[in-house]
Structure formats: C-alpha cells, structure tokens
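1. okay, predicted coordinates and the sequence, questions at the end:
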Amino acid sequence: MKPTDVNDPEYYHKVVDCQYACPAHTPVPEYIRLIAARRYTDAYMLNWESNVFPGVLGRTCDRPCEPACRRSRIEQQPVAICRLKRVAADHKGDISERLPPLPNKKNGKRIALVGAGPASLTVARDLLPLGYSIDLFDEQAAGGGFMRSQIPAFRLPEEVLNEEVDIILDMGVVTHFKHYVSSLKTLLDDDYDAVFVGSGAPLGRDLDISGRAEAAANVHIGINWLASVAFGHVESIGSRVLVLGGGNTAMDCCRTARRLGGDDVRVVVRSPFEEMKASPWEKEDAQREHIPIYDNHVPRAFLVEKGRLVGMRFDKVKAVYEDGKRELISTGEPPVDMACDDVLVAIGQLNAFPWIERDSGVEFDHWQLPVVDAQTFQSSHPKVFFGGDAAFGPENVITAVAHGHQAAISIDLFCRGEDLSHRPPPGSNLVSQKMGIHEWSYDSRVEDDARYPVPQAELAETLGDRRLEVELGFDAATAFHEAQRCLNCDVQTVFTENLCIECDACIDICPTDCLSFVVNDVEESELRQRLRLSANNTEQDLYVSQELRTGRAMIKDENVCLHCGLCAERCPTAAWDMQQFFYHVTKAGQGV
C-alpha cells in the first residue's frame with residue numbers, strides 16, 4: 001500500500017467518525033469538551049456555525065453521528081451527542097455579541113428564497129454577512145417550514161424554534177409570509193440575481209384502496225394533519241385511531257393522536273419492525289406511551305358502514321429476501337380487521353412544484369424532481385438553486401442545513417462570476433496536546449461508562465397537554481458525566497517515521513492491538529490480514545507509514561484505535577504524538 005497522505009485533511013476527518021457522519025460536519029468532540037468545561041455558550045456557537053439550529057437539532061435530529069460513535073465499540077450505547085447539543089442550547093448565555101457582523105452597505109445582489117425551512121434559513125444566514133439582500137417567501141405565517149408544521153410541540157417547543165429562526169430573520173431578511181409563490185417566471189422577472197428553492201416535499205402520499213373515497217371524511221394525510229394541529233385548526237380526534245406507516249412522521253402522528261383524545265391508537269406498518277424507517281428512539285417513545293406497533297400488515301380496504309368509516313382490513317405478510325431484494329408475501333392467514341374512527345396516512349412524502357413552469361428552464365426528471373447538481377445544487381437554469389427536501393426528496397433537518405451551506409457557496413460564486421466547481425477547501429489544523437512528559441491536555445482514560453438516560457416528564461401529564469415537552473434534558477451534572485464518555489476521537493495519533501527506533505513499546509502497551517510493524521509489500525486486502533489483529537472493516541482506513549529503517553512499516557487499524565494516547569505516552573523518542581485535529585467546512589465567502 002502507498003503511505004497515507006496525512007496532509008489531506010479528509011484523512012483525519014474520516015477518523016473522527018461522528019463528525020464525518022454528520023451532513024453538516026459539526027465538530028462534535030470539541031463541543032462536547034466545551035460542555036464538560038461548562039462553556040455552554042462557546043459550545044452553542046461552535047454548533048451554530050455549522051448546524052445553525054442547535055436547540056432544534058438537540059431535540060429532533062436524526063442523529064447520524066451516534067451510530068458512528070466509537071464509544072459503541074466498547075459498549076452498547078454511543079455518546080448522547082444529540083442531547084448534549086441541547087445542553088449547550090439550554091444553558092447558553094447571551095449570544096448577541098457573538099453573531100457575525102453585518103456590512104453597513106449591501107453588495108447590490110438580490111436573492112429570493114422560496115420556503116422558510118432549514119435550507120433557506122441556512123442560505124440566508126450564510127449570505128447576509130456578505131452583503132446580500134434576501135427576500136424570503138413562504139405561505140405559512142411564520143418561519144421554520146416543516147420544523148414548525150410537522151414536528152409536534154411536545155418534541156420541539158415553539159419558543160425554542162422561534163428563538164433560532166428569529167436569530168436569522170433579525171439579521172435583515174425581508175420576509176413575505178402568507179405569500180404563496182405561484183410562478184417561478186414571475187420571480188425571475190423581478191431581477192433577482194439568484195433564486196433558492198427550499199420548499200420541501202409538501203405532499204403526503206395517499207392510499208388508493210377500496211373504500212378510500214367513502215371514508216374520506218375520517219382519513220387524513222399525516223403531514224397535513226400534523227400541520228393542522230400545529231396551527232390550531234384541529235384539536236381532537238376519534239377514540240380509535242389507526243396510523244399507517246413506519247417512519248418518523250407516523251411516530252409523530254400516533255403520539256399526537258394520543259394527546260388529542262385517541263385512547264386506542266395503533267401503528268400499522270407493512271414492513272418488519274426491525275426494518276421500519278423510524279429511528280429506534282422514536283419507536284421506543286411511541287411504545288412508552290402504550291402505542292402498539294403491528295408490523296407485517298398490508299392495508300387492503302377501508303371498511304365503511306352507512307357511509308362512515310368503521311375500520312380497516314389488512315393482509316398479514318412475511319418478508320422474503322432474494323438477491324438483496326425484499327418481497328412481502330402473504331402468509332395465507334385470514335385477513336385482519338381493526339376497528340377505528342379515524343385513520344392517519346403517513347406512508348411517505350412527495351415533491352410538488354406546480355408553481356414552476358415546465359418551460360422556465362428548470363428541467364425535471366421522470367420522478368418530477370428537479371435536475372440538480374449534487375455538488376453545487378444548481379439546476380439546469382443557472383440562476384435557480386435547490387436544497388433540502390426540494391432537491392433530492394425527503395430527508396431531515398441536518399441534511400437540509402448541509403444543503404443550505406453548499407448552495408450558499410454556489411450562489412456567492414455565481415453572483416461573483418466564478419466557477420461553481422471550485423469549492424473552497426475546508427479549514428483544518430493539528431495541535432499537539434502534550435503538556436509535559438506524562439501530562440496531556442485532555443482526558444485519555446478509556447473506561448466502561450453506561451449512557452445516561454434523559455429524564456422525561458410524567459406520562460400522565462404529557463398525554464394531557466400536547467404542548468408539554470416530554471424530554472426534560474440533562475442537568476449540568478449529568479451533562480458533564482455524559483460528556484466524559486466521549487473518547488476524544490479528534491485527538492489524533494500522529495506518527496513521525498524518522499523518530500521511530502522500532503522498539504515495539506507502542507505495540508506492547510496498545511490496549512486494542514491496533515498497531516503492527518510489518519513489511520508493506522502486498523495489496524491492501526492481504527496486508528489487512530498480516531496485522532496483529534485482522535483489519536476486516538474495510539470502511540475504515542489503515543494508517544500506513546513510510547518505510548522504516550528495518551524495511552517494515554507502521555500500520556494502524558483506525559477502526560479499533562480508541563485514541564487513548566498510551567502509545568504516545570510510552571514512546572521513548574516521541575515518534576507518537578497526540579494532536580488535536582480541528583476541521584470545519586468553509587462557508588460562503590471564506591477561503592475564496
């Protein structure tokens with residue numbers, strides 16, 4: 001294998017598994033250390049720079065960082081990264097003096113944002129400090145997009161959302177709320193230099209089966225129903241409720257239905273329980289509220305008597321797998337009938353752009369999604385950019401934020417007449433953490449430490465008030481202990497070949513046997529088998545040194561390294577050093 005190019009910032013970035021997995025690449029270990037030091041405002045602003053909505057995401061994020069957490073390789077549960085983000089938001093001080101300064105004079109460029117969701121708000125946040133004039137259009141009465149209309153208040157209190165949305169709007173966004181954009185051509189004719197479309201995926205999928213038309217009065221599309229609840233248009237539901245679907249929207253629907261009068265609320269999903277799209281903790285929250293989940297049930301008909309919905313009929317199925325594909329096969333058992341008063345359909349969402357004329361210069365594919373460059377987020381019309389769910393279909397808040405950052409870079413480059421493919425490089429550095437011969441500036445101990453549960457309000461109280469937040473968040477003491485579970489994966493093991501005397505002291509002390517000194521004269525697949533322990537996880541890189549004096553090379557399996565620093569502490573020549581790696585994605589206007 002070729003020696004590892006450690007000068008490439010993406011190498012060490014990939015080793016920080018949590019940050020690498022985050023679509024917005026939030027520097028997770030750094031903000032966790034700040035929380036442990038009770039520097040909550042610093043931790044919040046570090047989050048705000050990359051993920052824009054720390055208070056919102058600390059409650060609602062899909063947490064792609066947590067399955068990647070290295071702590072889960074020691075014990076079952078990763079660090080509560082998401083809920084620690086909330087700690088920073090809940091305990092921060094005044095941030096007004098820390099917000100980016102706004103120029104006294106605008107740069108003469110006007111940008112229109114369609115939709116006031118997380119992607120559009122991120123674009124505004126990044127472009128306003130550069131002097132752009134921003135007009136924001138949304139048919140709702142306030143900003144936030146689906147964060148406001150589809151995330152229930154018992155998960156995301158309105159005051160938390162308002163605070164973080166208003167931080168951006170107060171930077172100088174010209175808002176046009178209760179304004180539905182009905183024509184892209186009209187918008188382009190208004191001399192905007194660029195248009196960003198962050199209008200989400202506004203249509204919920206329906207179910208075309210027997211009895212649908214007759215039962216229409218009591219069959220509700222999940223996302224529309226959640227929006228009606230959020231804006232106070234719906235305040236009750238029938239006693240018996242069936243929720244169709246296995247995603248997070250279905251979990252929000254069933255839990256909301258419980259709070260609006262549903263005594264017998266059931267979730268019915270086609271797939272096996274383990275394959276539901278809902279996050280594991282979302283399913284756990286629903287079950288904690290005594291909501292059963294019936295898996296492997298395919299809806300066949302709405303049952304109507306005397307013009308009113310009385311139930312649904314389902315076919316029991318089993319999942320059969322062949323060549324990696326799943327097929328749901330009927331078990332041959334009799335159909336299952338479930339009585340109900342109302343049905344909430346939460347089986348997916350669709351994009352819809354009736355306001356974009358098909359001769360406007362924006363091309364659409366056969367799925368009726370806009371043709372969008374995955375790097376620049378530019379459409380086939382050079383002035384029109386897309387992001388969030390509007391770009392590639394339904395995702396989540398943190399992905400929408402990541403899209404917004406990259407679209408803002410593209411809009412800035414486009415308005416300055418530069419090549420959109422020349423993306424600004426990320427910022428990164430490495431700083432040694434050694435304070436003395438046996439002293440380090442970070443906690444390097446690796447201990448068994450179970451994840452701390454997040455306290456919740458009493459069930460009887462939360463089920464009686466749809467606005468009462470269920471999760472109470474960590475207090476300062478518990479947050480400190482949970483933060484201590486972080487293994488500081490951004491403190492990298494850095495190896496200097498010309499200092500190594502190949503004494504093997506690091507080999508002897510390594511607790512995970514991730515280090516090997518072997519001859520590097522074979523392909524990677526064979527080299528992985530030569531190590532002290534076979535390195536079978538090919539998704540994680542090998543750290544390969546230059547050839548040493550004996551003809552061997554140092555090989556480190558990044559998959560099992562715990563960044564404990566024992567190799568650096570034991571090394572008699574300081575060939576090993578622990579260096580903190582800081583990586584941040586450059587925003588619009590920086591690095592170009």
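-> Thanks, I have it.
2. state the number of residues packed around G348.
-> Other residues within reach of G348, judged by other CB atoms under 10 Å, total 19. For the C-beta atoms, the positions are set from N, CA and C on the backbone; glycine is no exception.
3. which residue ranges of the stretch 1-150 of the chain form helices?
-> Counting by DSSP state H, counting those that start in this stretch, one finds helices in the stretch 1-150 of the chain at the ranges 9-15, 17-21, 28-36, 40-51, 54-60, 65-68, 81-91, 118-127, 146-149.
4. packing partners of the third one?
-> In this structure, helix 28-36 makes packing contacts with helix 17-21, helix 40-51, helix 81-91, helix 476-483, judged by 3 or more CB pairs under 8 Å, 6 or more residues apart in numbering; DSSP states H and E.
5. got the CA coordinates for the longest one in PDB?
-> So that's helix 40-51. Output in PDB follows, covering the C-alpha atoms of helix 40-51 (Å, rounded to 0.1, in the frame of the first residue of the first chain):
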ATOM      1  CA  TYR A  40     -22.100  26.300  27.100                       C
ATOM      2  CA  THR A  41     -22.200  29.500  25.100                       C
ATOM      3  CA  ASP A  42     -18.900  28.500  23.400                       C
ATOM      4  CA  ALA A  43     -20.300  25.100  22.600                       C
ATOM      5  CA  TYR A  44     -23.500  26.600  21.300                       C
ATOM      6  CA  MET A  45     -21.700  29.000  18.900                       C
ATOM      7  CA  LEU A  46     -19.500  26.200  17.600                       C
ATOM      8  CA  ASN A  47     -22.700  24.300  16.800                       C
ATOM      9  CA  TRP A  48     -24.400  27.300  15.400                       C
ATOM     10  CA  GLU A  49     -21.600  27.900  12.900                       C
ATOM     11  CA  SER A  50     -22.200  24.500  11.300                       C
ATOM     12  CA  ASN A  51     -25.600  23.200  12.100                       C
END
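6. quick one, that helix and helix 118-127 angle?
-> Helix 40-51 and helix 118-127 are oriented at 110 degrees to each other (axes from the mean of the first three to the mean of the last three CA atoms, to 10 degrees).
7. for helix 40-51, what does the pLDDT average out to?
-> Average pLDDT, helix 40-51: 97.
8. can you list the buried residues in it?
-> Residues of helix 40-51 classed as buried: Y40, D42, A43, Y44, M45, L46, N47, W48, E49, S50, N51 (neighbour count, 16 or more other CB atoms under 10 Å).
9. widest-spaced pair of those?
-> Greatest spatial distance in these: Y40 and S50, 16.8 Å, computed using CB to CB.
10. of all the helices and strands packed on helix 28-36, which one is nearest D490?
-> The minimum distance between D490 and the helices and strands packed on helix 28-36 falls on helix 17-21, with 7.1 Å, by CB to CB.
11. tell me the mean pLDDT for the closest one?
-> 96.
12. next one: stretch 415-426
-> Here the average pLDDT along stretch 415-426 is 93.
13. list the contacts of it.
-> By CB atoms under 8 Å, 6 or more residues apart in numbering, the surrounding residues in contact with stretch 415-426 are 9-10, 13, 25, 109, 132, 193-194, 373, 375-376, 378, 406, 409-410, 413-414, 583-586, 590-592.
14. what stretches of the protein score poorly on pLDDT?
-> Residues of the chain meeting the criterion pLDDT under 70: 437-438, 442-445, 589-592.
15. try 50 this time
-> Scanning the chain for pLDDT under 50 picks out the ranges 592.
16. how far does stretch 165-173 sit from the chain's center?
-> A distance of 23 Å separates the centroid of the chain from that of stretch 165-173, by CA atoms, centre = their mean, to the nearest Å.
17. measure that stretch end to end?
-> When the termini of stretch 165-173 are compared using CA to CA, to the nearest Å, they are 11 Å apart.
18. check stretch 299-311 too.
-> By CA to CA, the extent of stretch 299-311 from end to end equals 11 Å.
19. buried residues in it?
-> P299, R300, A301, F302, L303, V304, L309, V310, G311.
20. JSON lines please, covering those residues and showing distance to V241.
-> Converted to JSON lines, these look like this (distance: CB to CB, whole Å):
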{"residue": "P299", "distance to V241": "14"}
{"residue": "R300", "distance to V241": "19"}
{"residue": "A301", "distance to V241": "18"}
{"residue": "F302", "distance to V241": "14"}
{"residue": "L303", "distance to V241": "15"}
{"residue": "V304", "distance to V241": "17"}
{"residue": "L309", "distance to V241": "11"}
{"residue": "V310", "distance to V241": "13"}
{"residue": "G311", "distance to V241": "12"}
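21. thanks a lot, catch you later.
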